[in-house]
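*Asks:* Got a sequence here, can you model it:
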Amino acid sequence: MIKYFDGGTGTMLKLKAGELPELLNIADPERIFAVHKAYAEAGADIITTNTFGANPLKYGNCEELVKAGVSLAKRTGKKVALDMGPTGRLLKPMGDLSFEDCYNAYADVVKAGADGADLVLIETMGDTYEIKAAILAAKENCSLPVFVSMIFDEKGRLLTGADIKTAAAVVEGLGADVIGLNCGLGPKQMLSLVEELEKHTSLPIMVNPNAGLPEVVDGKTVYNVEPDEFADYMEKIAALGVSYLGGCCGTTPKHIKALIEKTKNIPDRVPEYKTASLVTSGSEYAEIGEKSVVIGERINPTGKKLLKAALRENDIDYILKEGITQRDLGAHVIDVNVGMPEIDEVKMLPRVVFELQSVLSTPLQLDCANAEAMEAALRIYNGKPMINSVNGKESSMKAIFPLAKKYGGVVVCLCLDDDGIPETAEGRIRIAEKLINTAAEYGIDKKNLIVDALTMTVSTDKNNAKETLKAVKYIKEVLGVNTVLGVSNISFGLPKREAVNTAFYTEALAAGLSAGIINPNSAAMMNAYYSHNALAGLDDNCAEYIASVTESASAPADTAISLDTAIIKGMKEESARCAKALLEKKSALDVINEYIIPALDRVGDGFEKNTLFLPQLLMSADAAKAAFDEIKASIILSGKAQVKGEKIIIATVEGDIHDIGKNIVKVLLQNYGFDVIDLGKDVKCETVLEETVKHGARLVGLSALMTTTVPNMEKTIKLLHENTNAKVFVGGAVLTRSYAETINADYYAKDAMESVRIAQDYFGL
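*Replies:* Numbering: from 1, shown residues only. Sure thing, here's the model as predicted:
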């Protein structure tokens, strides 16, 4: 039967503006216990600890807070969920928090609270990278089941851009026990998202919505869905097949009691096992299956003098260009291999992976024979990668399969063992079967394997191509496992290699090749790929083929990157170089107006149209900042006074310690030339007024993430309107446009990009 979580703790506490709930675990424990008890008496099976924000990044040493929170929940006699919410900070490269610092913060909470808890609840998460840090912290520091619940917008996207399919692949790959959704939306809005999640996960599902969307009534924040209506919608969600239900913001014991009454006779149902083979970044996926996937081979030093030189000289920008070019030419996954005798792979591989993920949302294949380097890269990788590779040697399987199980990924299985590479298809198939069976012993399913039958050069044996293709066909059709080949190996030692590669690739696709490691820069190879898809009925109306031909015909011969292109692609070093070169011919103002602002506008338009997402927005902002830094340096050298843009004050309101949204707004406004004065978080109303008057600012931006701090936002707006002529725009997860109007804000910014548009319109730019 369905198990039930409790509802909103903050809702029941009726916190005063700025009051921090976690501190009450010690300051007023009976107040917290009364809330837990009320939910337990309403029928909740699982009580969440009052530790949502109790992490070291917010409170320093939080051990006492966490232990007290667990103890209070345990007094109810119900199952206890150790609750861990988001840190409130963005991880690098989008923010300033390192992955390991994030991991350590969660690890401290787990160490303090696991003893006495029955499960770890990682909830209200909007970033797959932070989810990974939290899951690893839980699994490496306790043996409790791990539940992961995410906050999606109505379009089914996380804050950092991942859709439900991508997020589910990452969470499942990392070994979570339960997956779900909470907060942000009411049950009505969440219904379609639960349907989507059920399509893409094999894990039990939990759903904890808000009691609708927030409104302001008589100066107080309220939620508009009453217990009976809440229960009616939750009945529809329960019927989809879920295992856990509960509530989030705005829900009370009455909501939970009504929910239980309405759904207690509906059996729980774990979703059917999904067999889709997915690799992902933090925001995009590539599905390996019927339609072959293109893996770009260019970031591999074998036979590539320029890449070898770049690795020796730490020229990361060259590597980034190779990745971006391959992505732009159609690669779905980018291979990353930095193996050279003089290179420390343990340091270099994770560094290159991190830098590539700073500019690319394309999934990566980690290509490495060094298990230590592989783990270092897997640990900091954002998403579910391809892991290249494991082979039939016992030592290889013992080294790689545990890593794949721990970190998630699709493992490339090479058909070789201690006796080398078998000459025949049958010999390679036997090794493939051994790898598949051994992987199963480690708990790795077929969907997370992709077998490389190994391409041997045809110039050394006329049967090499034939035997490889025979193995590919059998492994795919009979063993039911996806296949991959490094295609270009077929032509070593032959003239006009591209012709041989293309012919072999075409035959391999026809034999059922699931993924080809190829050179996307080769028009012939990419034409073979698109042509095969069209002929095999994998390209509706031949749309991709036509687009590929049109794009290649219109592509400029000169591939040099311009400043606007570098900004759009998020290339910081290239942006700086381009800006510096342009400043020798153009004025600073011309560089800004002709290159930087148009590039940011293009990215902003993509963000608003949902073709680009937050990672790309921030990558481009960083690249623009690099260009601006060159402009500032040039102005200083010239001795000319720098012209400051219009002043804008921004602040997170008093009592609110969350500033992710505000920091994103700051970066974007600065890159559009505005002079942003950031007052920080937990800023008193009087301070906002004083700074606005002091700087003569005409526009003020206020942020709030907690419903309990919205009254302070309203108070600040009132103070500004009574004492200045400044206009105020507001934003934050708890706000809606109608809500903003109710508290008399002049503008509502649904996201960071809208803040820019508001400023541009207000100042007539």
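*Asks:* Going along the chain, name the helices of the stretch 51-200 of the chain.
*Replies:* With helices called from DSSP state H, counting those that start in this stretch, the stretch 51-200 of the chain shows them at 56-59, 63-74, 99-113, 128-141, 164-173, 187-200.
*Asks:* could these be laid out in CSV, adding mean pLDDT and distance to L82?
*Replies:* The C-beta positions use only the backbone N, C-alpha and C, and glycine is treated the same way. Shown next, in CSV, are the helices of the stretch 51-200 of the chain (pLDDT from 0 to 100; distance: least, Cβ to Cβ, whole Å):
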stretch, mean pLDDT, distance to L82
helix 56-59, 92, 15
helix 63-74, 98, 6
helix 99-113, 98, 4
helix 128-141, 98, 8
helix 164-173, 98, 18
helix 187-200, 97, 23
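*Asks:* and the gap between I205 and N182?
*Replies:* For I205, the distance to N182 (Cβ to Cβ, to the nearest Å) stands at 11 Å.
*Asks:* what's the overlap in contacts for the two?
*Replies:* Common neighbours of I205 and N182, using Cβ atoms under 8 Å, 6 or more residues apart in numbering, do not exist here.
*Asks:* wait, which of the helices of the stretch 51-200 of the chain is closest to A465?
*Replies:* Counting by Cβ to Cβ, A465 lies closest to helix 164-173 out of these; the figure is 33.7 Å.
*Asks:* what about the closest one, distance to the chain center?
*Replies:* 10 Å (Cα atoms, centre = their mean, to the nearest Å).
*Asks:* Could you name the helices and strands sitting against that helix?
*Replies:* Counting contacts by 3 or more Cβ pairs under 8 Å, 6 or more residues apart in numbering; DSSP states H and E, helix 164-173 is packed against helix 128-141, strand 146-150, strand 178-182, helix 187-200, strand 277-280, strand 285-288.
*Asks:* Reformat the ones you listed as a markdown table; add mean neighbour count.
*Replies:* Shown next, in a markdown table, are these (neighbours: other Cβ atoms under 10 Å):
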| stretch | mean neighbour count |
| --- | --- |
| helix 128-141 | 24 |
| strand 146-150 | 26 |
| strand 178-182 | 25 |
| helix 187-200 | 19 |
| strand 277-280 | 27 |
| strand 285-288 | 21 |
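*Asks:* So which of those is nearest I567?
*Replies:* With distances scored as Cβ to Cβ, the stretch of the helices and strands packed on helix 164-173 nearest to I567 is helix 128-141 (23.1 Å).
*Asks:* Return the set of buried residues in the helix or strand containing K406.
*Replies:* Under the criterion of DSSP states H and E, K406 resides in helix 394-407. Neighbour counts over helix 394-407 (16 or more other Cβ atoms under 10 Å) mark S396, M397, A399, I400, F401, L403, A404, K405, K406, Y407 as buried.
*Asks:* and the gap between the fifth one and S277?
*Replies:* Distance from F401 to S277, counting by Cβ to Cβ: 17 Å.
*Asks:* what does the second one give?
*Replies:* M397 sits at a distance of 20 Å from S277 (criterion: Cβ to Cβ).
*Asks:* With just CA atoms, put whatever helix or strand Y318 lives in into CSV.
*Replies:* If you go by DSSP H and E, Y318 is part of helix 316-328. Below are the C-alpha coordinates for helix 316-328, written out as CSV (Å, rounded to 0.1, in the frame of the first residue of the first chain):
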residue,chain,number,x,y,z
ILE,A,316,42.5,23.9,-22.5
ASP,A,317,40.9,26.4,-24.9
TYR,A,318,42.0,24.3,-27.9
ILE,A,319,40.3,21.3,-26.3
LEU,A,320,37.1,23.3,-25.7
LYS,A,321,37.1,24.4,-29.4
GLU,A,322,37.4,20.7,-30.4
GLY,A,323,34.4,19.8,-28.2
ILE,A,324,32.3,22.7,-29.4
THR,A,325,33.1,22.1,-33.1
GLN,A,326,32.1,18.4,-32.8
ARG,A,327,28.9,19.3,-31.0
ASP,A,328,28.0,21.9,-33.7
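*Asks:* Identify the residues contacting G339.
*Replies:* Counting by Cβ under 8 Å, 6+ apart, G339 touches P301, E345, D367, C368, A369, N370.
*Asks:* what's near enough to touch the nearest residue to G701 once chain neighbours are set aside?
*Replies:* Of all residues not flanking G701 in the chain, I650 sits nearest, at 4.1 Å (Cβ to Cβ, 6 or more residues apart in numbering). Each residue near I650 by Cβ under 8 Å, 6+ apart is listed here: K662, V665, K666, L669, V676, I677, D678, L679, V700, G701, L702, S703.
*Asks:* Quick one: list the elements packing against the helix or strand encompassing the second one.
*Replies:* Applying DSSP H and E as the criterion places V665 in helix 660-671. When contacts are defined as 3+ Cβ pairs under 8 Å, 6+ apart, helix 660-671 packs onto helix 597-608, helix 614-638, strand 647-652, strand 675-678, strand 699-703, helix 752-762.
*Asks:* which strands and helices sit next to the last one?
*Replies:* Taking 3+ Cβ pairs under 8 Å, 6+ apart as contact, the helices and strands that helix 752-762 lies on are helix 597-608, helix 660-671, strand 699-703, strand 727-731.
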